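**Student:** sequence unavailable; structure follows:
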């Protein structure tokens, strides 16, 4: 399937979840926020939230500093 990830077209396996995508991008242990079609998805819902062809996904990760 094809999705838009942070403004770029990306191919994912059919039935992929947000959790699958986060692991594929090696972001599993980072502080991130994920938005799918303009809705923020809570981290505890990543495994159960299947992605669909045409979804628009934004992933933001937080960087600490001071």
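**Tutor:** Perfect, I can see it now. Please read all numbers here as calculations on a predicted model, not as lab measurements.
**Student:** okay, helices next: where are they in this protein?
**Tutor:** Secondary structure of the chain (DSSP state H): helices at 18-24.
**Student:** report the buried residues of stretch 47-56.
**Tutor:** Of the residues in stretch 47-56, those buried by neighbour count under the rule 16 or more other CB atoms under 10 Å are 49, 51, 55. Every residue, glycine included, has its C-beta placed from N, CA and C.
**Student:** dump the residue contacts of the closest residue to the first one other than its chain neighbours.
**Tutor:** Same thing as residue 49. The shortest distance from residue 49 to any non-neighbouring residue, by CB to CB, 6 or more residues apart in numbering, is to residue 18 (4.8 Å). Neighbouring residues of residue 18 by CB atoms under 8 Å, 6 or more residues apart in numbering: 34, 36, 41, 45, 46, 47, 49, 51, 57.
**Student:** where does this structure dip in pLDDT?
**Tutor:** 65-66 (pLDDT under 70).
**Student:** one more time with 80, if that's ok
**Tutor:** Along the chain, the parts satisfying pLDDT under 80 run over 63-66.
**Student:** all strands of it, in order?
**Tutor:** Applying DSSP state E to the chain gives strands spanning 2-5, 8-11, 32-36, 39-41, 56-61.
**Student:** wait, residue 61 sits on residue 30?
**Tutor:** Yes: with contact defined as CB atoms under 8 Å, residue 61 counts as touching residue 30 (4.9 Å).
**Student:** widest-spaced pair of the contacts of residue 18?
**Tutor:** 47 and 57 (15.5 Å; CB to CB).
**Student:** and residue 47, what does it touch?
**Tutor:** Counted by CB under 8 Å, 6+ apart, residue 47 has contacts 17, 18, 19.
**Student:** okay, now the last one: neighbour count?
**Tutor:** Just to be clear, that refers to residue 19. Counted by other CB atoms under 10 Å, the residues lying close to residue 19 total 17.
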